[in-house]
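Novice: Sequence and predicted structure below; questions after.
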Amino acid sequence: MRLDLLKQILAVPTCSRQEDRMVAYIMEHVRQRGAARGWEITTDAWNNVFVRKGGNGILPCVAAHIDTVHLPRPVEIVQQDGIVFGVDEKGRRCGIGADDKAGVFVCLELLERFDQIAVALFAAEEIGCVGADHAPAAWFDDVGCVIEWDCPGRGLVSYTSSGTRLFANNGEFIQAAAPVLQAHGLTRWQHHPFTDVMALRGRFDFSCLNLSCGYYNWHRPDEFVVLAEVEAALKAGEALIAALGCRSYPFKAGAEESAAPMYEITGLQVECPQPVASGSQAIEDDIVAGMARPVTQAAETRPN
Ligand SMILES: [Zn+2]
């Protein structure tokens, strides 16, 4: 994977309702990579960014959100022993918005690796999926399913998002996806708080997933990314998109599911491979006033 690209994305300042610099970064990146190859990129009034590549039929869509809870400010991206974190101008640890820039990175990498794929990058997720709620419906007309990367850590799959069912148990979608998830260690099915696919499931008749992409301590100044886990997310994504292909996987908008889960649902627990070792005085400085407050990295977590 392109480590430089990941670090560049992590360094772009962005927060809810102030995503302009991230939008500009992605527009320029896609223009450079795909302008001559027919990649189509659009934005909307909400700062959502949409990319489409190849094909006139159904496309698989990958997704992430481009806002963070951290105040937009300069940050140095530091790599140490396979982990990447942020340091501010005073030398203190600060959040890098890897929630969900790690997901954005996975999506931009997958865009390179498939000839027929769609990418949806949503604004203002952290303040209630505002971008996903208002994204233009017509853009999703030929989307077969949506795979989002906005779970922390590794191996997590959202069984529900804020109580919303993302796919039908034993439907064709999960039957196609499950062997890939299993093979790539994505085996911890959990009930998670909201993210963009929750909003999409309320509006559209397609199946969705939400998966881990390697970030830890989200919404905190000691946030970090495990590079090997971002790479694992990317490999799983590649296999998943290949398995799902350009097919429609219908699941009626807002549909519930009464069939028993295919898997044990493990609840909300995220293992942390690195002890928290940064000054917490920076927490209040680091979080955008009036937005999500820092959470305790214990049983009560908010993985998006
Ligand atoms: Zn998130």
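Specialist: Looks like it came in fine.
Novice: quick one, helices of the stretch 201-304 of the chain?
Specialist: 227-244, 282-286 (DSSP state H, counting those that start in this stretch).
Novice: so which of those gets nearest the ion?
Specialist: Closest to the ion of these is helix 227-244 (C-beta to the ion; 13.5 Å). For every residue, glycine as well, the C-beta is placed using N, CA and C.
Novice: end-to-end on stretch 241-251?
Specialist: Criterion C-alpha to C-alpha, to the nearest Å; first-to-last residue distance in stretch 241-251 is 18 Å.
Novice: That stretch: which residues count as buried?
Specialist: Under the neighbour-count criterion of 16 or more other C-beta atoms under 10 Å, stretch 241-251 has 241, 244, 246, 249-251 buried.
Novice: Distance check, the residue in the stretch 151-300 of the chain positioned nearest to the ion against Asn56.
Specialist: Proximity of the stretch 151-300 of the chain to the ion (C-beta to the ion) peaks at Thr195, 5.8 Å away. The spacing between Thr195 and Asn56, counted by C-beta to C-beta, to the nearest Å, is 30 Å.
Novice: of these two, who's got more company?
Specialist: Thr195 (32 against 7; other C-beta atoms under 10 Å).
Novice: Just list the residues touching the more buried one, thanks.
Specialist: Contacts for Thr195 were tallied using C-beta atoms under 8 Å, 6 or more residues apart in numbering; they are 65, 125, 129, 148, 150, 158, 161, 210, 304.
Novice: Which single strand of the protein contains the most residues?
Specialist: Ranked by residue count and defined by DSSP state E, the top strand of the chain is strand 143-151.
Novice: wait, does that one contact the ion?
Specialist: Yes: part of strand 143-151 sits near the ion under the criterion C-beta under 5 Å from the ion, namely Asp150.
Novice: Just the CA atoms of that strand, as PDB, please.
Specialist: Extracted C-alpha coordinates of strand 143-151, given in PDB (Å, rounded to 0.1, in the frame of the first residue of the first chain):
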ATOM      1  CA  VAL A 143     -25.000   1.000  -6.600                       C
ATOM      2  CA  GLY A 144     -25.200  -2.700  -5.900                       C
ATOM      3  CA  CYS A 145     -24.100  -2.500  -2.300                       C
ATOM      4  CA  VAL A 146     -22.000  -0.300   0.000                       C
ATOM      5  CA  ILE A 147     -18.900  -1.400   2.000                       C
ATOM      6  CA  GLU A 148     -17.800   1.200   4.600                       C
ATOM      7  CA  TRP A 149     -14.600   1.200   6.600                       C
ATOM      8  CA  ASP A 150     -15.400   3.000   9.800                       C
ATOM      9  CA  CYS A 151     -14.900   0.400  12.600                       C
END
